[in-house]
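Visitor: just coords:
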């Protein structure tokens with residue numbers, strides 16, 4: 001039987017973790033063939049060497065796409081340019097019929113460019129969203145314009161995509177794949193989780209800070225230091241801190257974290273630094289932590305679904321729809337400390353347990369997969385309403 005060839009591009013640990021339930025759904029669908037395209041960041045030991053997680057999850061990488069590690073914006077341009085020939089050759093060699101892309105990173109934009117000029121329909125996940133503190137905003141909207149099918153995470157995002165000239169018949173409100181993950185990931189008991197990561201039997205705060213690429217005011221190393229200084233005030237809590245993504249500025253964050261981890265090894269061991277938890281352990285870290293702190297989209301989308309309080313630091317996620325469980329603060333030490341105090345309060349914990357959730361009920365992968373089984377075509381023209 002002839003099957004429809006669905007290429008799925010993953011640029012790194014963040015989008016791979018979100019894509020996992022969809023990859024499983026495509027693999028299980030008899031009318032579809034999965035082609036997994038993984039960027040070189042999955043094979044970078046400093047960024048977690050997440051290709052091992054892909055293999056452990058039972059997926060085969062159909063092609064490795066070379067992206068160079070970046071230190072600044074000029075490196076981003078060079079990295080995209082170097083990857084485009086490999087993306088073009090891979091999509092043609094695999095004879096992909098649809099390319100699935102999630103999100104708003106520059107690696108995803110490069111993949112979308114290649115598919116667009118090869119006239120391969122693009123299915124874009126998480127369009128219509130706003131994150132004013134990162135260059136991701138422009139990237140996300142650019143991919144929307146190149147895409148033929150759109151899987152929005154809620155109705156407001158769907159309406160934004162339609163307002164950008166996309167036909168309502170090609171725009172679907174499916175919820176967020178991350179909610180699928182957190183609601184269906186296997187439980188690891190707290191004792192086993194703590195032993196695995198060397199955590200003590202104490203409450204802990206889960207933290208991740210990424211470069212805010214659209215903000216000159218948020219210097220990566222300085223904000224990382226502010227976060228660590230703020231958390232020092234909460235001596236009853238340990239801190240599980242994961243590495244940032246590969247955006248320009250990530251090396252400064254890692255250097256600051258490793259310096260701090262060295263100090264804690266010599267003293268009270270409160271700081272546990274992990275390059276990548278992997279999706280299963282990340283979800284269980286959310287389940288077992290006291291709160292989540294940082295500036296990742298995951299903290300706003302997935303963490304709320306597990307009824308955990310969030311402190312969102314700085315401007316990276318400015319404009320993203322968030323549940324009432326998410327507290328927003330500036331990136332200075334005092335603002336972060338005050339937000340953590342509020343998040344840990346009984347009042348905010350009760351609010352977190354009962355607030356409305358804006359990103360669906362955990363069935364996104366099934367909805368997207370069902371649409372992928374339908375005939376696909378390039379979308380032309382502008383929808384004026």
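Guide: That came in fine, so what should we check first? All of these numbers come straight from a predicted model, not from anything done at the bench.
Visitor: Just the mean pLDDT for stretch 290-297, thanks.
Guide: The average pLDDT within stretch 290-297 is 96.
Visitor: Wait, residue 371 touches residue 148, no?
Guide: No. Here residue 371 does not reach residue 148: they are 11.4 Å apart, not a contact under CB atoms under 8 Å. Glycine gets a C-beta too; all of them are placed from N, C-alpha and C.
Visitor: Can you check which residues contact both of these two?
Guide: residue 123 (CB atoms under 8 Å, 6 or more residues apart in numbering).
Visitor: These two: which has the busier surroundings?
Guide: Neighbour count, other CB atoms under 10 Å: between residue 371 and residue 148, residue 148 has more, with 21 against 15.
Visitor: Show me the contact partners of the host helix or strand of residue 293.
Guide: Counting by DSSP states H and E, the element that carries residue 293 is strand 291-294. With contacts defined as CB under 8 Å, 6+ apart, strand 291-294 is touched by 205-210, 227, 231, 286, 299, 303, 308-313, 336, 340, 343-344.
Visitor: just stretch 375-385 next, same as before
Guide: 4, 97-98, 119, 121, 147-149, 162, 165-168, 170.
Visitor: I'd like to know which of these are buried.
Guide: If you count burial by 16 or more other CB atoms under 10 Å, the buried members of these come out as 4, 97, 98, 121, 147, 148, 149, 162, 166, 170.
Visitor: In helices, which of these appear?
Guide: residue 162 (DSSP state H).
Visitor: sec struct for residue 124, please.
Guide: strand (DSSP: H, G, I helix; E, B strand; the rest coil).
Visitor: just checking, it touches residue 149?
Guide: Yes. Here residue 124 reaches residue 149: they are 7.1 Å apart, a contact under CB under 8 Å.
Visitor: In contact with residue 59, which residues?
Guide: 23, 27, 34, 36.
Visitor: The longest helix along the chain - contacts with which helices or strands?
Guide: In terms of residue count, the longest helix belonging to the chain (DSSP H) is helix 73-94. If contacts are counted by 3 or more CB pairs under 8 Å, 6 or more residues apart in numbering; DSSP states H and E, helix 73-94 sits against strand 4-10, strand 32-39, strand 61-65, helix 106-117.
Visitor: Make CSV from those and add distance to residue 249 and mean pLDDT to it.
Guide: Formatted as CSV, these follow (distance: least, CB to CB, whole Å; pLDDT from 0 to 100):
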stretch, distance to residue 249, mean pLDDT
strand 4-10, 22, 97
strand 32-39, 18, 95
strand 61-65, 22, 93
helix 106-117, 14, 96
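Visitor: among these, which is nearest residue 193?
Guide: strand 4-10 (25.3 Å; CB to CB).
Visitor: Now do the helix or strand just after that closest one against strand 4-10: the angle between them, please.
Guide: Under the assignment DSSP H and E, the closest C-terminal helix or strand after strand 4-10 is helix 13-28. Orientation of helix 13-28 against strand 4-10 (axes from the mean of the first three to the mean of the last three CA atoms, to 10 degrees) gives an angle of 160 degrees.
Visitor: chain center to helix 13-28: distance?
Guide: Using CA atoms, centre = their mean, to the nearest Å, the mean C-alpha position of helix 13-28 is found 12 Å from that of the whole chain.
Visitor: ditto for stretch 187-197
Guide: Per CA atoms, centre = their mean, the centroid offset for stretch 187-197 relative to its chain is 23 Å.
Visitor: Likewise for stretch 207-214?
Guide: 12 Å.
Visitor: any residues touching it, and which ones?
Guide: 73, 132-137, 218, 220, 223-224, 227, 231, 239-245, 247-250, 253, 292-296, 298-299, 313-316.
Visitor: Filter those down to the buried ones.
Guide: Buried among those by 16+ other CB under 10 Å: 133-137, 218, 220, 223-224, 227, 231, 239-245, 247-250, 253, 292-296, 298-299, 313-316.
Visitor: quick one, strands of the stretch 201-350 of the chain?
Guide: Using DSSP state E, counting those that start in this stretch, the strands of the stretch 201-350 of the chain run over 204-208, 238-242, 271-274, 291-294, 310-313, 326-329.
Visitor: Which strands or helices does the third one pack on?
Guide: The elements that strand 271-274 packs onto, with contact taken as 3+ CB pairs under 8 Å, 6+ apart, are strand 238-242, helix 250-266.
Visitor: can you give me the angle the last one makes with strand 204-208?
Guide: Helix 250-266 runs at 160 degrees relative to strand 204-208, counting by the same axes, to 10 degrees.
Visitor: No further queries at this time; thank you.
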